[in-house]
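Engineer: next comes the sequence, and after it the predicted model I'd like to discuss.
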Amino acid sequence: MSDTINYSEADDKELVQLSKDQDMLAYEELVARHRDKIYGRAFSMMRNEEEALDISQEAWVKGWRRLIQFHGKASFATWMTRITINLCLDLLRKKKRQRAESIEKLDDDLGGVERQMGVVEINPSAGLERTELRARIDQALEQLSEAHRTVMVMHEFQELEYKEIAKRMECSIGTVMSRLFYARRRMASLLAGLRKKDEI
């Protein structure tokens, strides 16, 4: 199908229909067209580059999964923007809850890094816990597919940008975002499983 379709010349409506038929190339074209707008909306709400990237990535994966629910009453870009806003609001509410539930009373100017360091410094078993955590992370990484493991290592450990990862893996930025999203979810599941196993 992809040999006969010029995705760059198709309008959003056509691309959405193709995407509903599981045409990933059509969806990647939609991502390429609207990626900056979606990221911009996420950043305007979160004011944090990393969080905005994570949310926009999650929004694109969610959009792919929920395409069947898109009936074209608004434009595709508007629909995606709504998904992004909802994800931002969810995260903001979660952060607000975490702050409210925090037992420690910290000055407003204390950042997350200092907070984490403070916790580590008062924990005498921190070194052992870090070693055990690293072992669990390595074990979980081994269980990922090669593509998911590669994108996870490049982004989380080598701190490469999506653009650079896409170039090295010879795929689109949309594919990198999708792989990273699935890799993170799989890692979270595997680490939770390994933690329970250690407790038994």
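Structural biologist: Noted; the coordinates are in hand.
Engineer: where exactly do the helices run in the protein?
Structural biologist: 12-20, 24-46, 49-65, 76-101, 112-121, 126-142, 146-152, 162-169, 173-199 (DSSP state H).
Engineer: which secondary structure elements does the second one sit against?
Structural biologist: It refers to helix 24-46. helix 12-20, helix 49-65, helix 76-101, helix 173-199 (3 or more C-beta pairs under 8 Å, 6 or more residues apart in numbering; DSSP states H and E). For every residue, glycine as well, the C-beta is placed using N, CA and C.
Engineer: need those helices in CSV with distance to residue 155 and mean neighbour count, can you?
Structural biologist: Shown next, in CSV, are these (distance: least, C-beta to C-beta, whole Å; neighbours: other C-beta atoms under 10 Å):
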stretch, distance to residue 155, mean neighbour count
helix 12-20, 25, 17
helix 49-65, 10, 19
helix 76-101, 19, 14
helix 173-199, 6, 17
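Engineer: mean pLDDT and distance to residue 138 for the ones you listed - can I get that in JSON lines?
Structural biologist: Shown next, in JSON lines, are those (pLDDT from 0 to 100; distance: least, C-beta to C-beta, whole Å):
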{"stretch": "helix 12-20", "mean pLDDT": "95", "distance to residue 138": "36"}
{"stretch": "helix 49-65", "mean pLDDT": "92", "distance to residue 138": "23"}
{"stretch": "helix 76-101", "mean pLDDT": "88", "distance to residue 138": "28"}
{"stretch": "helix 173-199", "mean pLDDT": "78", "distance to residue 138": "10"}
